[in-house]
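Chemist: coordinates only, sequence not included:
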Ligand code: TYD
């Protein structure tokens, strides 16, 4: 007999987890998914670049396989991947009643691609991407994140030079300030143990869930 699908008590949320390379977005995205599931709230974890065809091409570019590669063309690829990701994976998961946690979303493009391309143009490319219900920005110094990547043995990719990561960290902080008037974006300090960061992220997710939950009866 097919399993009865569990539906969340609230409309499923789209939550983006953002930060510089080494901020821990991948670890925390998976932990949030497991935590939501364990408390009976169906959740789907995903990431950008996505696992789709454009996302796979982007990963090759990031690994230097197609160097030299035009930065504006890469900005277009990130935007194309996002449209494909939303249509192919995010919207269907939400429609199936699952909260969606995405490890990176359009804020990554706003923080990284604006280093090399016009900011307004970069934003226009993602204008049709659904707005997340919550964006969690894990903020930490670029030096700390670089040391974590070194200890984890992660090879450097296209954007991983320290000077670049410092600029990306600043761009993320400016974005959080600027976008806080139009969308829900929360900065969570990331220069502390992963458990402490996770606990702070859970608080923010519970907060938004409580706000969208239907009022208790009786
Ligand atoms: P990352 O999360 O580091 O992937 P992995 O864990 O597989 O290495 O993301 C890959 C890189 O792509 C990272 O440096 C951020 C960058 N990026 C952008 O520049 N723009 C974007 O829109 C996205 C989604 C990622």
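Modeler: Done, it's in. Computed from a prediction, not measured in an experiment: that's the story for all the values here.
Chemist: you'd agree residue 111 is up against residue 171?
Modeler: Yes. The criterion here is CB atoms under 8 Å, and residue 111 meets it with residue 171 at 4.2 Å. Every C-beta, even on glycine, is put in place using the N, C-alpha and C of the backbone.
Chemist: Do a quick rundown of the helices in this structure.
Modeler: Residue ranges of the helices in the chain, as given by DSSP state H, are 25-38, 53-62, 71-85, 91-95, 106-112, 119-125, 142-151, 162-179, 194-212.
Chemist: Spell out which parts of this protein neighbour the ligand.
Modeler: Residues of the chain found near the ligand (CB under 6 Å from any ligand atom) are 21, 26, 48-49, 62, 78, 104, 108-109, 112-113, 157, 159.
Chemist: Nearest spatial neighbour of the residue nearest to the spatial centre of the chain, chain-adjacent residues omitted?
Modeler: Nearest residue to the geometric centre of the chain (CA atoms, centre = their mean): residue 104, 2.3 Å. Leaving aside its sequence neighbours, residue 104 sits nearest to residue 48 (CB to CB, 6 or more residues apart in numbering; 4.4 Å).
Chemist: Low-confidence ranges, this structure, go.
Modeler: Under the criterion pLDDT under 70, the flagged ranges of the chain are 1-9, 214-218.
Chemist: and with 50 instead?
Modeler: 1, 3, 218 (pLDDT under 50).
Chemist: Could you measure from the residue nearest to residue 104 over to residue 17?
Modeler: Counting by CB to CB, to the nearest Å, the separation of residue 48 from residue 17 is 11 Å.
Chemist: So the residue nearest to the centre of the chain is in contact with residue 21, correct?
Modeler: No. If you go by CB under 8 Å, residue 104 and residue 21 don't touch, sitting 10.3 Å apart.
Chemist: on that earlier part again, filter the residues of the chain next to the ligand to the buried ones?
Modeler: Buried by 16 or more other CB atoms under 10 Å: 21, 48, 49, 62, 78, 104, 108, 109, 112, 113, 159, out of the residues of the chain next to the ligand.
Chemist: circling back: for the helices of the chain, could you give me CSV that also reports distance to residue 131?
Modeler: Shown next, in CSV, are the helices of the chain (distance: least, CB to CB, whole Å):
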stretch, distance to residue 131
helix 25-38, 18
helix 53-62, 21
helix 71-85, 12
helix 91-95, 13
helix 106-112, 9
helix 119-125, 12
helix 142-151, 27
helix 162-179, 10
helix 194-212, 13
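Chemist: Deepest in the core, which of the ones you listed is it.
Modeler: Greatest average neighbour count among these goes to helix 106-112 (a mean of 24), per mean count of other CB atoms under 10 Å.
Chemist: That helix packs against which elements?
Modeler: Applying 3 or more CB pairs under 8 Å, 6 or more residues apart in numbering; DSSP states H and E, we find helix 106-112 packed against strand 14-18, helix 71-85, helix 119-125, helix 162-179.
Chemist: go with 6 Å
Modeler: Here helix 106-112 touches helix 162-179, going by 3 or more CB pairs under 6 Å, 6 or more residues apart in numbering; DSSP states H and E.
Chemist: neighbouring contacts of the helix it packs on?
Modeler: For helix 162-179, the surrounding residues in contact (CB atoms under 6 Å, 6 or more residues apart in numbering) are 20, 110, 111, 112, 115, 137, 142, 146, 185, 187.
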